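Trainee: what follows is a predicted structure for the sequence shown.
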Amino acid sequence: MTCDSCVQKVKHALSGLDGISKMDIDLASGTVMVDTELPQSFIKDKIETTGMRAVLKGYGQLGAAVAMLGGNTGFSAGNVKGVIRFIQEDASHCIIDAEIETSPSASKGPLSINIYECGDISNNCSNVGDKILSILQNFSKESLSPRNTKDSELLDNIQDSKKSSPVSHPNEAPKISTHELSITKSSFFNSNISSDKNNSDGSVSVPLIQETPQGLIVKTKNKMDLSSIIGRSIVIEDDASKKLACAVIARSAGVSENKKSICACDGVTIWEERDRPLAGPGRRIE
Amino acid sequence: MWTTLLPVFLAALVMQVLSEDIIAVALLKPYTSSTVSTPSGNVTFIQHDDGTVTVKGFVTGLKKNTAAPHEHGFHIHEKGDLREGCASLGAHYNPQGKTHGGPEHEVRHIGDLGNIEVSPSGVANFEFEDKIISLTGPYSILGRGLVIHSDKDDLGKGTFNDSLTTGHAGSRVCCGVIGLVSPIYSSSLQVVAQSSTILLSLVALKLLF
Ligand SMILES: [Cu+2]
Ligand SMILES: [Zn+2]
C-alpha cells in the first residue's frame, strides 16, 4: 500500500460489512488489522476486490494455531480437505474457524470435528489415540436452517457481499444460514462445556455455518486452552465416526508476531511467496 | 474428604508421568508439486527422564550424489503452519534471540540440529541426542515445524550473509509438524479434569509449562 487512496479503497471495501467491529489501516506498514467475526478468507477476498493483494500475516493475539487437513498436507479419505484455525481469545476461550472442502461426489451426511490425544497422523488417521474433546457435532449443508434474526442479518450481509465479489457465481448464491448445533460434553472439560446456546456468560456461542461452492465454512467458540491441544490432532469424521481427514494442530503466528515481510530462511518476501515454488531451486534468491 | 485425598493422588500421578518417556513424531513431506524428487520420511523424538532427547529419523528421496555421502541442514522452525507449505513455518526456533550455530555450540538457536548425513542414494538414517530441545516446558517443540534443507548448514561458520541466521542451508526440501505420540500425558490430564477444574489448570502448568 503506497497511497492514501489505497487506504480509502480498502476502507470502502470493508465498510458496510456487519461482522467487523474494528478496523485499523496502517499506511506506513501496509497492514490492515481487522477485529471480525467473519472468516479470514472472506476478509482477504474482500480486500482483493480493490485490485490489491493481501496476505494473512497473523491471527489472534494470545496465541494461534492452525491445522491443514487432507490434501497433500494432512491425510484424508474421500477427498475431504480443510483448514482449521484456532485463536486464543482469552485465557479460557478459543475461536475456531474451519474451511472444509468436500468432493461433490461425497456423501452429504453430517460431519463432526473432534480433537484426539495424539498428533501422529500416519496410517490414515488411525494412530491418533482417543478422542479428548469435541469441537462440533453433526453439522451438514442439508440441516442448515435460519434460526434467529440477529444471526440471519449478519449472514445475509455475507451473502450480499459474496454476490458482488468477482470470484463467486452470481447465479449460485450460496444458501447461508445457521444450524443449531449441540456441542457434546467431553470428559476433558466435563464441568465447563455447556451445550446451551443461551449460555449467560457466552462461553460457547452459536456456531456460524456458511455454505460455499466447495463445502462449508464453520466458525465457533469453545471453552479451551490452546496450549493443551498443540501437537495433538484434529479429525473430521462422518456420522459413522469414520475419520475422513486429520492433521496435527500446529503453532501459527499471532497478530503481534511476524512483523517482518520477509521469510527469514531464504529471503523470499511474503508477496513473492504466493507465486514461487515452496522449495527447490526456483525459490532461493542469491 | 476429597480435599485431603486429591493432593496425594495428584502427586502420585505427576511422578508417574515424569518417570515415563515422552514421545513425538514428525512426518516429513515435500509439500510442493514442482520438485523432481519426492523426499519423505519420519523423525521420532524421545524425551528421557533427564531431559535429553533422542532424535531418530529415516528419510528417503533426498538428493542423490553418487560421489560421496553429503549433508543437509536440519532444523526445528518456530511455527508448524503448513498453509504455504514449508515456507510458512517461520524462521529457526529461537525464543532467546541468539545467533545461529551448530548443535554442539554454546550459542545456537534452540532449533539448530545441525546436519543429517545422506547416503549417495539419497537416504538418511540417523540417530543422535540433543540436550537443548524439549517436548515440555515453555520452549516445547510440539506443534512446531521440522525442516530438511537442500544444502549443508555451515553452523554459522561460513562467510555468506545468511551464515549467522540460517547457516546458508538453502531451500526447504521437506518438512512436517511435530506431533505428540505418547498418550500418557493426555490421559492423566483427563483423569484430573474430571475431579476438579482448578486442579486441571495446576496440573497442566506442571506438565506443559
Ligand atoms: Cu531450517
Ligand atoms: Zn538456526
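Mentor: Received the coordinates, thanks. Ligands and ions are numbered 1, 2, ... in the order given.
Trainee: and B:Asp162, what's its pLDDT?
Mentor: pLDDT for B:Asp162: 91.
Trainee: hang on, isn't it packed against B:His168?
Mentor: Yes. With contact defined as Cβ atoms under 8 Å, B:Asp162 counts as touching B:His168 (5.2 Å). For the C-beta atoms, the positions are set from N, CA and C on the backbone; glycine is no exception.
Trainee: these two: which has the busier surroundings?
Mentor: More neighbours surround B:His168 than the other of B:Asp162 and B:His168, with 22 against 17 (other Cβ atoms under 10 Å in any protein chain shown).
Trainee: contacts only, for the more buried one.
Mentor: B:Asp151, B:Asp153, B:Asp154, B:Gly158, B:Phe160, B:Asp162 (Cβ atoms under 8 Å, 6 or more residues apart in numbering or on different chains).
Trainee: now B:Gly143
Mentor: With Cβ under 8 Å, 6+ apart, B:Gly143 has these contacts: A:Ala65, A:Gly119, A:Ile230, A:Gly231, A:Val248, A:Ile249, A:Ala250, A:Arg251, B:Gly80, B:Val177, B:Ile178, B:Gly179.
Trainee: I'd like these as CSV, with pLDDT, secondary structure and neighbour count appended.
Mentor: Formatted as CSV, the contacts of B:Gly143 follow (pLDDT from 0 to 100; DSSP: H, G, I helix; E, B strand; the rest coil; neighbours: other Cβ atoms under 10 Å in any protein chain shown):
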residue, pLDDT, secondary structure, neighbour count
A:Ala65, 93, strand, 29
A:Gly119, 93, coil, 32
A:Ile230, 94, coil, 25
A:Gly231, 95, coil, 28
A:Val248, 95, strand, 34
A:Ile249, 96, coil, 26
A:Ala250, 96, strand, 29
A:Arg251, 94, strand, 28
B:Gly80, 95, coil, 34
B:Val177, 96, strand, 34
B:Ile178, 97, strand, 28
B:Gly179, 95, strand, 27
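Trainee: and of these, the nearest to A:Gly30?
Mentor: Taking Cβ to Cβ as the measure, A:Gly30 lies nearest A:Arg251 of the contacts of B:Gly143, at 24.7 Å.
Trainee: tell me the strands beside the host helix or strand of B:Glu117, with direction?
Mentor: Remark: B:Glu117 resides in strand B:112-118, with elements defined by DSSP states H and E. Within its sheet, strand B:112-118 is paired with strand B:70-77 (antiparallel), according to DSSP bridges.
Trainee: and the contacts of the partner strand?
Mentor: Taking Cβ under 8 Å, 6+ apart as the rule, strand B:70-77 contacts A:265, B:62-63, B:89-93, B:109-118, B:124, B:133, B:141, B:144-153, B:166-167, B:169-170, B:173, B:175, B:178.
Trainee: and ligand 2, which of those residues contact it?
Mentor: B:His92, B:His109, B:Asp112 (Cβ under 5 Å from the ion).
Trainee: got any ranges where the stretch 1-150 of chain A has weak pLDDT?
Mentor: Where the stretch 1-150 of chain A drops to pLDDT under 70, the residues are A:1-2, A:29, A:37, A:40, A:55-62, A:71-78, A:105-107, A:141-150.
Trainee: just the helices from the chain, written as ranges.
Mentor: No chain was given, so I picked chain A. Secondary structure of chain A by DSSP state H: the helices cover A:4-14, A:40-48, A:122-125, A:149-164, A:270-273.
Trainee: meant chain B, my bad for not saying
Mentor: Counting by DSSP H, residue ranges of the helices within chain B are B:2-18, B:184-195, B:197-208.
Trainee: quick check, the residue in chain B closest to ligand 1?
Mentor: For chain B, the residue closest to ligand 1 is B:His75, as judged by Cβ to the ion, at 3.4 Å.
Trainee: so what's that residue bridging to?
Mentor: On the basis of DSSP bridges, B:His75 is bridged to B:Asp112, B:Val147.
Trainee: any idea how far it is from B:Thr66?
Mentor: Remark: distance between B:His75 and B:Thr66 (Cβ to Cβ, to the nearest Å) = 27 Å.
Trainee: and B:Asp130, bridged to which residues?
Mentor: Beta-bridge partners for B:Asp130, by DSSP bridges, are B:Val53.
Trainee: what's it in contact with, if anything?
Mentor: For B:Asp130, the contacting residues are B:Thr52, B:Val53, B:Val55, B:Pro103, B:Leu113, by Cβ under 8 Å, 6+ apart.
Trainee: cool, and B:Leu28?
Mentor: Going by Cβ under 8 Å, 6+ apart, B:Leu28 touches B:Pro39, B:Ser40, B:Gly41, B:Asn42, B:Val43, B:Val59, B:Leu146, B:Ile148, B:Cys174, B:Cys175, B:Gly176.
Trainee: repeat that for 10 Å
Mentor: Neighbour list for B:Leu28: B:39-43, B:57-59, B:61, B:86, B:146-148, B:173-177 [criterion: Cβ atoms under 10 Å, 6 or more residues apart in numbering or on different chains].
Trainee: and what of A:Met23?
Mentor: Neighbouring residues of A:Met23 by Cβ under 10 Å, 6+ apart: A:Val10, A:Lys11, A:Leu14, A:Ser15, A:Leu17, A:Val32, A:Met33, A:Val34, A:Asp35, A:Thr36, A:Ile43.
Trainee: residue of chain B closest to chain A, please.
Mentor: Distance from chain A to each residue of chain B (Cβ to the nearest Cβ) is smallest for B:Gly179, at 2.0 Å.
Trainee: find the nearest non-adjacent residue to that residue, please.
Mentor: The shortest distance from B:Gly179 to any non-neighbouring residue, by Cβ to Cβ, 6 or more residues apart in numbering or on different chains, is to A:Gly119 (2.0 Å).
Trainee: would you confirm that the one you found contacts B:Leu135?
Mentor: No. Here A:Gly119 does not reach B:Leu135: they are 11.0 Å apart, not a contact under Cβ atoms under 10 Å.
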